[in-house]
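# Pasted the sequence and its predicted model underneath.
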Amino acid sequence: MKIAIGLYFFMFIAFFDLHAQYPILTPFAVSLGAAPAFIGWMMGIYALTHLPGNLIAGQGVDKHGSKRYVVFSLIAAGVILLLQAHVTAPWQLLVLRSISGFVLAFLSPACLALLASLSKDAVTQGKLMAGHGVTHTLASVLSPAVGAFLVKLAGFSLTFQSLGWILISAGLLALFTIRGKAVEMQLEISRANAASADNSSLLPGVPLIYYLLPLGVACSQGILFFELPLHDGGTSEGILHTGIYFSILSLGSLVTLSMLFLHRLSPYLRALAGILLLALCFYGLTMPEKIPMPVVLFVMGMSKGIIFPAISSLFIEVSGGERMGSVFSFQSIAMSLGSFVGPIVAGQLHLSFSPYFLAFIVLMLLLIALPPTRRMPKQPIPVD
């Protein structure tokens, strides 16, 4: 339990810093003279550079455990934010965002793999994944508004410096606190899995079509994160307003993440139900004059609180708990691809077609394309 609490804390710090930047990156890029298409590429390149980091993290976590990757990711991301505070041109911001995408790609697979190794019981694993979601959501409830307030109070440079030092401090703390029997057990399991793995099957028991789930959802989220800050023109005056929108989104997620009874339901059905609700929310965003945006964003957050723990639990169930570093690495790769494509396409279509309607189409196609799954047998509860 101490390991889980420690991981939740470090993920909280990382997610807090990440979400604090959402409402301010677009206005910051605009202040540097960046065009909407360039901003789309800036947001997309962050996701694209996740790919090599995810590939390295998946194999590395299976062989060496999670600790070193958590520490590296936090400290390196903090250093990049310190450099970002001194950016003076759009291309410099693009370069730093691409590097940031690479180093932060190690964090999520490492933390999820260590969390999954803490229990062999499917229900307990689902709760651990939900805890990850709750941590993510709690960090994102206040962080967008806090980031926007800091910029309004102290400016972009001091805000980035503050967020950078917070990440570096968290990384140093992780270096000395992530330890114990659970860490050693993960190392033993990871090495055993790596030694016995069938090289001809990269992800045993996980059909690649299931990765359409995180791919499609991340694509829609990339569109949202690009389009929402531009709702008020992407100007500095609208930063605080945008931060409140993101906080409303996170509050909705917190509601469904707190419904622990949901984890006794099929993760496959939970994922599909959440995606359907998310698609309807994007359709609602296409007609803001009929449905208030705060209402749509709150319900959209509720759908996210259903989707992400369900997808993680589904992958644990289908994979049988083996080679979790690689499983979550490929999940992160799928999300990175979606997050890369989403804002780039939105940036190209922003002036001629509603990106929100495009997200609705993507999610509905995902529901149609995903085949039904057979019910997996429950894992036995270990007796200590």
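Nice, I can see it.
# could you give me the average pLDDT of stretch 296-308?
Stretch 296-308 comes out with an average pLDDT of 90.
# How much space separates Ile24 from Val103?
Applying CB to CB, to the nearest Å, the value for Ile24 to Val103 is 20 Å. For every residue, glycine as well, the C-beta is placed using N, CA and C.
# of these two, who's got more company?
In this view Ile24 and Val103 are compared by other CB atoms under 10 Å, and Ile24 has more residues nearby, 25 against 21.
# and the more buried one, what pLDDT?
With respect to pLDDT, Ile24 has a value of 81.
# The helix or strand hosting it - contacts with which helices or strands?
In this structure, Ile24 sits in helix 2-31 according to DSSP states H and E. Contact analysis of helix 2-31 by 3 or more CB pairs under 8 Å, 6 or more residues apart in numbering; DSSP states H and E lists helix 36-48, helix 67-84, helix 90-104, helix 107-116, helix 122-154, helix 156-177, helix 239-257 as its packing neighbours.
# burial count for the spatially closest residue to Val141 that is not a sequence neighbour?
Spatially, and ignoring its direct neighbours in sequence, Val141 is nearest to Ser250 (4.2 Å; CB to CB, 6 or more residues apart in numbering). For Ser250, the count of nearby residues is 26 (other CB under 10 Å).
# Could you measure from Ser250 over to Leu285?
Distance, Ser250 to Leu285, using CB to CB: 17 Å.
# what's the span of stretch 145-163 from first residue to last?
14 Å (CA to CA, to the nearest Å).
# Just the mean pLDDT for it, thanks.
84.
# Likewise for stretch 12-20?
Mean pLDDT, stretch 12-20: 81.
# 116 is where my numbering starts, stick with that
In the new numbering, first residue 116, that becomes stretch 127-135.
# Outside of that stretch itself, list whatever touches it.
Outside stretch 127-135, the residues within contact range by CB atoms under 8 Å, 6 or more residues apart in numbering are 188-189, 192, 196, 219, 222, 250-251, 253-255, 258-259, 261-262, 265, 274, 278, 281-282, 285, 361, 365.
# Where does Gly337 sit: helix, strand or coil?
helix (DSSP: H, G, I helix; E, B strand; the rest coil).
# For it, give me the pLDDT.
pLDDT for Gly337: 86.
# I'd say it and Ile160 touch.
No: at 11.7 Å, Gly337 and Ile160 do not qualify as touching, with contact defined as CB atoms under 8 Å.
# okay, these two: which has more neighbours?
Between Gly337 and Ile160, counting by other CB under 10 Å, Gly337 is the more crowded of the two (29 against 20).
# For the closest residue to Ala269 other than its chain neighbours, grab the count of nearby residues.
Nearest residue to Ala269, sequence neighbours excluded (CB to CB, 6+ apart): Ser277, at 8.0 Å. Each residue near Ser277 was counted by other CB under 10 Å, and the total is 17.
# for the one 10 residues further on, same thing?
Using other CB under 10 Å, Leu287 has 14 other residues around it.
# got a list of what it touches?
With contacts defined as CB under 8 Å, 6+ apart, Leu287 is in contact with Ile190.
# hmm, 6 Å instead?
Residues in contact with Leu287 (CB atoms under 6 Å, 6 or more residues apart in numbering): none are found.
# What of Leu230?
Leu243.
# gap between it and Leu243?
Distance from Leu230 to Leu243, by CB to CB: 5 Å.
# Repeat that for Gln276.
From Gln276 across to Leu243, the span is 34 Å (CB to CB).
# what about the two, which has more around it?
Using other CB under 10 Å, the more surrounded residue of Gln276 and Leu243 is Leu243, with 26 against 18.
# Just the pLDDT at that one, thanks.
pLDDT, read off for Leu243, is 72.
# mind listing what it touches?
Leu230.
# how far away is it from Ser188?
Distance from Leu243 to Ser188, by CB to CB: 20 Å.
# Kindly report the same for Leu328.
24 Å.
# Please apply the same query to Tyr360.
As judged by CB to CB, Tyr360 and Ser188 stand 28 Å apart.
# Neighbour count: those two, which is higher?
The neighbour count for Tyr360 versus Ser188, taken as other CB under 10 Å, is higher for Ser188 (27 against 21).
# one step back: next, the angle helix 205-219 makes with the helix holding Ile139.
Helix 117-146 and helix 205-219 are oriented at 170 degrees to each other (axes from the mean of the first three to the mean of the last three CA atoms, to 10 degrees).
# Share the number of residues neighbouring the residue nearest to Ile160 when sequence neighbours are not counted, please.
In space, and not counting its chain neighbours, Ile160 is closest to Ser213: 4.7 Å by CB to CB, 6+ apart. Neighbours of Ser213 under the rule other CB under 10 Å: 19.
# With the one 10 residues further on instead?
Residue crowding around Ser223 was assessed by other CB under 10 Å; the count is 26.
# same check, this time on His165
Residues lying near His165 (other CB under 10 Å) number 27.
# give the contact list for it.
Gly216, Ala220, Ser451.
# what sits against the first one?
I take that to be Gly216. Neighbouring residues of Gly216 by CB under 6 Å, 6+ apart: Tyr161, Thr164, His165.
# Let me know the closest of those residues to Leu209.
The shortest approach to Leu209 among the contacts of Gly216 belongs to Tyr161, at 9.3 Å (CB to CB).
# Excluding sequence neighbours, find me the nearest residue to that closest one.
Tyr161 sits nearest to Gly216 (CB to CB, 6+ apart), 3.9 Å away.
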